[in-house]
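[1] let's see this in three dimensions:
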Amino acid sequence: MTATETENWRTKYFDSLGRLESEQEQFRAMEAALKRLIGRLCTAALGQSPQLDEQIRKLQAVVRRDTNIDELAQLTSPLTDAIGALDHPMVAPPSAVLPAAVATGGGTRTSLDEQRLRAILSALLTELRRDTELLEQSDALDAKLATPLTTERLPEVLETLTDLVIKRIGRVEQAKQEVEVLLGAMVGKLDEIGQFVAEQNQNQTQSQASSETLNKQLAGEMKAMGESVDAAGDLQQIRQQVRSRLDSIDRHLQEFRQRETTFAAAIRNRNDQMRSRIVELEAEAKRLHSQLQDEQRLSTIDALTKIPNRLAYEKRIDEELNRWRRFGQPICLAVWDVDHFKTINDSYGHRAGDRVLRAVAECFAGKVRSTDFVARYGGEEFVMILPGTQLDDAARFSERLRASIAEIGFHFRGAPVSITVSSGVTALRADDTAEAVFDRADKAMYRAKESGRNRCVTA
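    Residues are numbered from 1 along each chain as shown. From the prediction side, this is the model:
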C-alpha cells in the first residue's frame, strides 16, 4: 500500500468518525429533550397524592443526571402502583384533595391546566414519533388524548407514556452502543493498517540491510581474490584461488536471492491480508454512511405528514439567511395555522385531526415550487420559505394556496369536515434574524385569526 492510499483511508476514517460524532450529538440532544419533557410532565402531575409525589420526585432526580435503562425500569413498578392508588384512595388528607375540581360526565377532571398538560404530552409524543418502532403506540396514546383527561384516565395515560419513554431511551442507548462497537472495530482495522505500514518499512529496512551485506561480502571476496592472485606462485594455484572465490560469490548471491524471496513472500501475504481488511473496512464504512444518511433523513422528516420538520426548517432558514446576506435576493416567509383544529380533534377525534394535517401538508407540498420549502413547524402550524419572491407576489401566492385548502373535499366517516387555514406573510428585512422574521410572520398569522380566520395577512 502506498502512502497516498494510506492517507486516503485515513481521510475516509476521519470522515466516518466525524459523522459518528454528529450522530452521537443528535442522540444526546434527543435524550436532553426527552428529559426536559419528562421533567415538565412530572411538574404538571405533582399534587395528586403524597405517594405519587414521592415517586415523581425520584423520577425527577433520576432524569436530572446520567442514568440507564435499568434504573428507569426499577422506577416503573412503584410509579405504576402510586398512579393506581389514585383510583382507590383511602382517607384523603386535606392536602391531597384536588382543589377546584370540576365534575364531568366522565368523572372528575383534575385542577391541572388541561390545555397546558395536553401541550406537554403532545410535544413529548412528537419526539417519540421520531422512532418508527414506537409510531403505532404513540398514535394510539395520542388518540386517547382526544377525550378529557380525568383523574380516572390520567394514571393510565401517564403509565403508557412512561413505558414509551423508557423504550425510547433504551433504543437510543442501544443505538449509541452499536455506534461505539462499530467505531471500535474501525479503530482496530486502522491499527492494522498502521501496523502493516510499519512492517512494510521494516521489510524495506531489512531488504536494504541484506543488499548492504551482499555488497560487503562481494567486496571482501574481490579483495581476497586479488590478494590470493598476488600471493600465488603458479597459474594452477591462481586458477584454484579464483574458482574458490567465485564459488563463494555464487553462494552469497544464492543466499541473497533466498532472503529476497522470503521477504517478497511475506510482503505478498501481508498485502493479501491487508486487501481483505480494506474490503471489510470499506464495506463497513459504506454501511455506516448509508445508516447515517437514513438517520439524518428521518431526523428531519415529520413522521405524520412526511414533509420536513422544525429541525429541517431551522437548518434551511439559516442557509437562506446566509444567501440573502450575500446576494440580496428577496425572500419571504409564510406561517400557516389550521383553523379550529382543536374543534376538529374534539368533534371527530385525533385520527381525523391527523388526516387533516396530512391533507394540508400534501396540498402545500404539491403547490410550492421546487426552490421553495415547506415544513410542519409543530402541532397544526406550518412554515414556508419562498426564495426569490417579493412580498406582493408571496401574498398573492398565499391567497391562492389558502383558497386551494378551502376547496379540499375532506370527509371523515361519511361526514364533511371543513378545512381552512390562516397565514401571516413577511419579507426578510435588514438585520433580520431567523427568530425575528418568524415572530413577525407569526404575529401576522394571529392577526389573521383575530380578523375572522381563513385569510392571509402581510407584515
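
[2] L145: what's it in contact with?
    Contacts for L145 (C-beta atoms under 8 Å, 6 or more residues apart in numbering) come out as 118, 121-122, 157, 350. (Glycine included, C-beta is placed from N, CA and C.)

[3] ignore what I typed, I meant L218.
    For L218, the contacting residues are 249, 252, by C-beta under 8 Å, 6+ apart.

[4] for it, grab phi and psi.
    phi -70, psi -40 (degrees, to the nearest 10).

[5] greatest separation within the contacts of L145: which pair is it?
    Spanning the widest gap among the contacts of L145 are V157 and H350, at 12.9 Å by C-beta to C-beta.

[6] settle it for me: which of the two has more neighbours?
    H350 (20 against 16; other C-beta atoms under 10 Å).

[7] how far away is the more buried one from E152?
    In this view, H350 and E152 are 19 Å apart by C-beta to C-beta, to the nearest Å.

[8] N345 too?
    Applying C-beta to C-beta to N345 and E152 gives a distance of 21 Å.

[9] have a look at this protein and report the helix or strand with the lowest mean pLDDT.
    strand 102-104 (a mean of 39; mean pLDDT, DSSP states H and E).

[10] and this structure, what are its domains?
    Domain ranges of the chain: 1-209+248-299, 310-458, per automatic domain parsing.

[11] look at the shortest one and report the distance between its end residues.
    When you say that, I think you mean domain 310-458. 22 Å (C-alpha to C-alpha, to the nearest Å).

[12] now find how far off-centre that domain is within its chain.
    Put simply, domain 310-458 sits 26 Å off its chain's centre (C-alpha atoms, centre = their mean, to the nearest Å).

[13] can you give me the helices for the stretch 151-300 of the chain?
    Taking DSSP state H, counting those that start in this stretch as the criterion, the stretch 151-300 of the chain contains helices spanning 154-231, 235-299.

[14] between these, which one is closest to R429.
    helix 235-299 (31.0 Å).

[15] now secondary structure too, for the contacts of L145, in TSV please.
    Shown next, in TSV, are these (DSSP: H, G, I helix; E, B strand; the rest coil):
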residue	secondary structure
R118	helix
L121	helix
S122	helix
V157	helix
H350	helix
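
[16] what's the closest of those residues to S207?
    For the contacts of L145, the nearest to S207 is S122 (70.9 Å; C-beta to C-beta).

[17] state the distance from the closest one to G379.
    S122 sits 7 Å away from G379 when distances are taken as C-beta to C-beta.

[18] I'd say R310 and G379 touch.
    No: judged on C-beta atoms under 8 Å, R310 makes no contact with G379 at a distance of 10.4 Å.

[19] picking that back up, weakest of the helices of the stretch 151-300 of the chain by average pLDDT?
    Lowest mean pLDDT within the helices of the stretch 151-300 of the chain: helix 154-231, a mean of 73.

[20] ok and that one relative to helix 235-299, angle-wise?
    170 degrees (axes from the mean of the first three to the mean of the last three C-alpha atoms, to 10 degrees).

[21] phi and psi next, for C456.
    Backbone torsions of C456, given as degrees, to the nearest 10, read phi -120, psi 140.

[22] what sits against the residue lying closest to R400 once chain neighbours are set aside?
    Nearest non-adjacent residue to R400, counting by C-beta to C-beta, 6 or more residues apart in numbering: K367, 7.8 Å away. Residues near K367 by C-beta under 8 Å, 6+ apart: 400-401, 404.

[23] please tell me which one of those counts the most neighbours.
    L401 (21 neighbours).

[24] dump the C-alpha coordinates for the strand or helix carrying V383 into PDB.
    Per DSSP states H and E, V383 falls inside strand 381-387. Coordinates of each C-alpha in strand 381-387 appear next as PDB, following Å, rounded to 0.1, in the frame of the first residue of the first chain:
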ATOM      1  CA  GLU A 381     -48.700  25.000  12.400                       C
ATOM      2  CA  PHE A 382     -46.700  25.100   9.100                       C
ATOM      3  CA  VAL A 383     -43.900  27.400   7.800                       C
ATOM      4  CA  MET A 384     -43.000  28.200   4.300                       C
ATOM      5  CA  ILE A 385     -39.800  29.800   2.800                       C
ATOM      6  CA  LEU A 386     -40.200  31.500  -0.600                       C
ATOM      7  CA  PRO A 387     -36.800  32.400  -2.000                       C
END
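
[25] can you tell me what sits against whichever helix or strand comes after that strand?
    As assigned by DSSP H and E, the chain's next helix or strand after strand 381-387 is helix 391-406. Here helix 391-406 makes contact (C-beta under 8 Å, 6+ apart) with 330, 332, 334, 360, 363-364, 367, 386, 389, 419-423, 425-427, 454-456, 458.

[26] flag every buried residue along helix 391-406.
    391, 394-395, 397-398, 401-402, 405 (16 or more other C-beta atoms under 10 Å).

[27] contacts for the helix or strand following that helix, please.
    In the C-terminal direction, the helix or strand that comes right after helix 391-406 (DSSP H and E) is strand 411-412. Outside strand 411-412, the residues within contact range by C-beta under 8 Å, 6+ apart are 348, 351-352, 355, 417.

[28] rewinding a little: which one of N345 and E152 has more residues nearby?
    More crowded of N345 and E152, by other C-beta under 10 Å: N345, with 21 against 14.

[29] which helix or strand contains that one?
    Using DSSP H and E, N345 falls in helix 341-348.

[30] following that helix, which helix or strand shows up next?
    helix 350-367.

[31] can you give me the angle the helix or strand following that next one makes with strand 381-387?
    Counting by DSSP H and E, the next helix or strand C-terminal to helix 350-367 is strand 373-378. Here the directions of strand 373-378 and strand 381-387 differ by 160 degrees (the same axes, to 10 degrees).

[32] could you list the paired strands of strand 373-378 along with their orientation?
    The pairing partners recorded for strand 373-378 under DSSP bridges are strand 381-387 (antiparallel).

[33] buried ones in the strand it pairs with?
    381-387.

[34] check stretch 405-424 too.
    Quick answer for stretch 405-424 (16+ other C-beta under 10 Å): 405, 410, 412, 417, 419-424.

[35] just to revisit the earlier point, from the buried residues of strand 381-387, which single one is nearest L164?
    Nearest member of the buried residues of strand 381-387 to L164, counting by C-beta to C-beta, is E381, at 23.8 Å.

[36] got the CA positions of the strand or helix carrying E54 in PDB?
    Assigned by DSSP H and E, E54 belongs to helix 50-63. Below are the C-alpha coordinates for helix 50-63, written out as PDB (Å, rounded to 0.1, in the frame of the first residue of the first chain):
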ATOM      1  CA  PRO A  50     -48.200  12.100  48.700                       C
ATOM      2  CA  GLN A  51     -47.300   8.600  47.400                       C
ATOM      3  CA  LEU A  52     -47.300   9.700  43.800                       C
ATOM      4  CA  ASP A  53     -45.400  12.900  44.600                       C
ATOM      5  CA  GLU A  54     -42.700  10.800  46.200                       C
ATOM      6  CA  GLN A  55     -42.300   8.600  43.100                       C
ATOM      7  CA  ILE A  56     -42.400  11.600  40.800                       C
ATOM      8  CA  ARG A  57     -39.600  13.400  42.700                       C
ATOM      9  CA  LYS A  58     -37.500  10.200  42.500                       C
ATOM     10  CA  LEU A  59     -38.100  10.200  38.700                       C
ATOM     11  CA  GLN A  60     -37.100  13.900  38.500                       C
ATOM     12  CA  ALA A  61     -33.900  13.200  40.400                       C
ATOM     13  CA  VAL A  62     -33.000  10.400  38.100                       C
ATOM     14  CA  VAL A  63     -33.600  12.300  34.800                       C
END
